[in-house]
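Q: below are the sequence and a predicted model for it; my questions follow.
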Amino acid sequence: MTDRNRLLLIAPVIAMFVGITPVLGATPEPTITPGSEQGARAYYAQISDQLHFTAVPGTTRLDDLLVFLGYPTTGDKLRTLDPGVLMNPVQAAAPTGLSLSINGLSGATLREDDILATRFFAPKIVNISQTPLTIGWRKLVRLRSRPDSAAARAGVQTAIILFNFFAPAGQDPFSNQSINTQVMLIAPAQPKGLLWLDFDPNNVLGLSLTASFDAADLGGTRDYYVPDGCNACHGSPGNSAPPMINYLDTDHWFDRLENDFAALKSTNTALLFDAHTNDPTQGPFFAAFDIIRRFNEEALKQNSIAQPNTFEAQAARVWLGLHAQSDQHFSPVDRAFGNEKWQPTEADGLSRLNRYCFRCHGSVRFSVFDRQAVVERAGIMRQRINPSQAQIRESSTFKMPPDRTLDFSEIQALDEFLKNLK
């Protein structure tokens, strides 16, 4: 099976983004701006000029980016090596690791904090309409630009590399190829502060993702070009503001074991893959969770510079506040933020919003954990979950949620909940 055919079959929502696609046969306006090939080529040309890094679609490889960052190794090694190896300077430098010089550019030593790596369950990228589900997983590798590297000289502080994997429940997903590999370059000295690159399954730079970010019917796909398709779900719709890093929401991952991913719960699959357990009292869980905590601290630091007062930054602050001294799973009501908090009596309704809506509305336009934002949109949300035929005819992307057809009882429960919000 070709990589493209696999994408078409899986049709995942790949990325730290989420969104909605058209019913087949229709050509509505997309919910997530897809951008254009011309715009993506111009964007890469701009990056090449700004960073003095040659970003040529179809030619530039992930390996080239790693050299630029001061890590002369291969993307395949970064993808396949255990995070524990990557984060240990001696093991990372060894021939069995990344084959780096531990004393590299201008004598700088490879340090423990230079590489952060973690593997985790990623419910947001799963095509929930599949039976049985093909489970989505991610491996995140954060690299600090090594001193005197070309990246450091260009003002790139760090790179976040996100590999995306899919496998049936019970199989090791990380033995597979990454369906798509996204890169964020954190460069505060540059105008937007965060730049995007996207690599195909062969680690070659591409212009776009072929994915279903706008999938009312998850059988359809379209191309989402950099930077538009990236920025839309990272706090910059229409490229209008500095984009932000999305924090990793462990609580949402564990929430989903209670509904759509009960199979993972029954098999006791570790959601923090490197913990090998879901028991927060065990040492391996402490270590794996702390990696997430460290990443989220860095994400919030970037958010606080880029757009400090956004709901995305607020959500990251809440997660870090709850988990400052705890690795436990907190309920949706506990994670509320904003001027009006969700109440325990509203837990069932919020759980439904979390299950059906958070996939998009945890990072696009508003968060379901902001009660006031939901109250202000309750009327249109009621129409979205139960639209009229005229509304459907006008736009096939009007109906929500985008990734499934709800049972009538669930529509009724959501409608009643939203109707009574004050």
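A: Nice, I can see it. A quick note: this is a predicted structure, and the numbers were derived from the prediction, not measured.
Q: can you pull out the strands in the stretch 101-250 of the chain?
A: Using DSSP state E, counting those that start in this stretch, the strands of the stretch 101-250 of the chain run over residues 115-121, 134-144, 158-168, 180-186, 194-199, 208-211, 222-225.
Q: what stretches of the stretch 251-400 of the chain score poorly on pLDDT?
A: Nowhere does the stretch 251-400 of the chain drop to pLDDT under 70.
Q: quick one: the helices in it?
A: 262-266, 283-306, 311-322, 347-356, 371-385, 389-394 (DSSP state H, counting those that start in this stretch).
Q: would you format these as CSV with distance to G136 and mean neighbour count included?
A: Using the backbone N, CA and C atoms, a C-beta is placed for each residue, glycine as well. Below are the helices of the stretch 251-400 of the chain laid out as CSV (distance: least, CB to CB, whole Å; neighbours: other CB atoms under 10 Å):
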stretch, distance to G136, mean neighbour count
helix 262-266, 11, 14
helix 283-306, 17, 18
helix 311-322, 20, 20
helix 347-356, 16, 20
helix 371-385, 24, 17
helix 389-394, 29, 11
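Q: may I see those organised as JSON lines, with distance to K77 added?
A: Formatted as JSON lines, the helices of the stretch 251-400 of the chain follow (distance: least, CB to CB, whole Å):
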{"stretch": "helix 262-266", "distance to K77": "28"}
{"stretch": "helix 283-306", "distance to K77": "19"}
{"stretch": "helix 311-322", "distance to K77": "31"}
{"stretch": "helix 347-356", "distance to K77": "37"}
{"stretch": "helix 371-385", "distance to K77": "43"}
{"stretch": "helix 389-394", "distance to K77": "49"}
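Q: for K419, find the nearest of these.
A: helix 371-385 (6.5 Å; CB to CB).
Q: which helices and strands sit right next to the closest one?
A: Under the contact definition 3 or more CB pairs under 8 Å, 6 or more residues apart in numbering; DSSP states H and E, helix 371-385 sits against helix 408-419.
Q: relative to helix 347-356, how tilted is the helix it packs on?
A: If you take axes from the mean of the first three to the mean of the last three CA atoms, to 10 degrees, helix 408-419 sits at 120 degrees to helix 347-356.
Q: and helix 408-419, which residues are buried?
A: E410, L414, D415, F417, L418 (16 or more other CB atoms under 10 Å).
Q: who touches it?
A: Identification of contacts with helix 408-419 by CB atoms under 8 Å, 6 or more residues apart in numbering yields 346, 348-349, 352-353, 356, 374, 378, 381-382, 385-386, 406.
Q: pick out the most distant pair among those.
A: Distance extremes for the contacts of helix 408-419: the farthest pair is E346 and N386 at 20.1 Å, using CB to CB.
Q: tell me which of the two has more neighbours.
A: With neighbours defined as other CB atoms under 10 Å, E346 and N386 compare such that E346 has more, 19 against 16.
Q: gap between the residue lying closest to V226 once chain neighbours are set aside and T54?
A: Nearest residue to V226 in three dimensions, chain neighbours excluded: W196, at 4.6 Å (CB to CB, 6 or more residues apart in numbering). As for W196, its distance to T54 is 16 Å (criterion: CB to CB, to the nearest Å).
Q: same question, A232
A: In this view, A232 and T54 are 27 Å apart by CB to CB.
Q: of the two, which one has the most company?
A: A232 (27 against 13).
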